[in-house]
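In: prediction below, plus the sequence it came from.
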Amino acid sequence: MSRRAGYEESWDLTYLVEQLRELISRDLQLDEALAEELEDTLARLVLRNQRLRGLQRMVNAERDAEDLEILRNALERTDRELLAGLPALLERLREAHA
């Protein structure tokens, strides 16, 4: 992706998502609240991926800088939310596996 977009993917987020992927591949016994939290997090990850792809397409199409900034800000906000919530979710999933 071009540097003009001003966005760098978070290695911390990538690491947490890999941990999540590993945990959900196991046989987990989830209560309703944890299942809903997991579903919400997965939906936010899908939204994040869509925003990232949209940003890449916009950069490749050399779109207006203001449009790029709006999408980049939305992507960064989603990343911050995921970075804040994923550690607690991962811990709860680990407890559900134990």
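Out: Nice, I can see it. Numbering: from 1, shown residues only.

In: tell me which residue is most central in this protein.
Out: When C-alpha atoms, centre = their mean is applied to the chain, the residue found nearest the centroid is residue 45 (3.7 Å).

In: longest helix in the chain, please.
Out: helix 65-97 (DSSP state H).

In: now do it, average pLDDT.
Out: Regarding helix 65-97, the rounded mean pLDDT is 92.

In: if we can go back for a sec, tell me if I'm right that the residue nearest to the centre of the chain and residue 17 touch.
Out: Yes - Residue 45 is in contact with residue 17 according to C-beta atoms under 8 Å; the separation is 6.7 Å. (C-beta placed from N, C-alpha, C; glycine too.)

In: name the residues contacting each of the two.
Out: Residues touching both residue 45 and residue 17 by C-beta atoms under 8 Å, 6 or more residues apart in numbering: residue 82.

In: ok so, going back, average pLDDT for the helix or strand that the residue nearest to the centre of the chain is a member of?
Out: Here residue 45 sits within helix 32-60, counting by DSSP states H and E. For helix 32-60, the mean per-residue pLDDT is 91.

In: for residue 29, what are phi and psi?
Out: Per-residue torsions, residue 29: phi -100, psi 100 (degrees, to the nearest 10).

In: next, the contact list for it, please.
Out: Counted by C-beta under 8 Å, 6+ apart, residue 29 has contacts residue 96.

In: give me the neighbour count for the residue nearest to residue 71 when sequence neighbours are not counted.
Out: Closest residue to residue 71 apart from its sequence neighbours, by C-beta to C-beta, 6 or more residues apart in numbering: residue 55 at 4.9 Å. Residue 55 is flanked by 23 other residues according to other C-beta atoms under 10 Å.

In: many thanks, have a good one.
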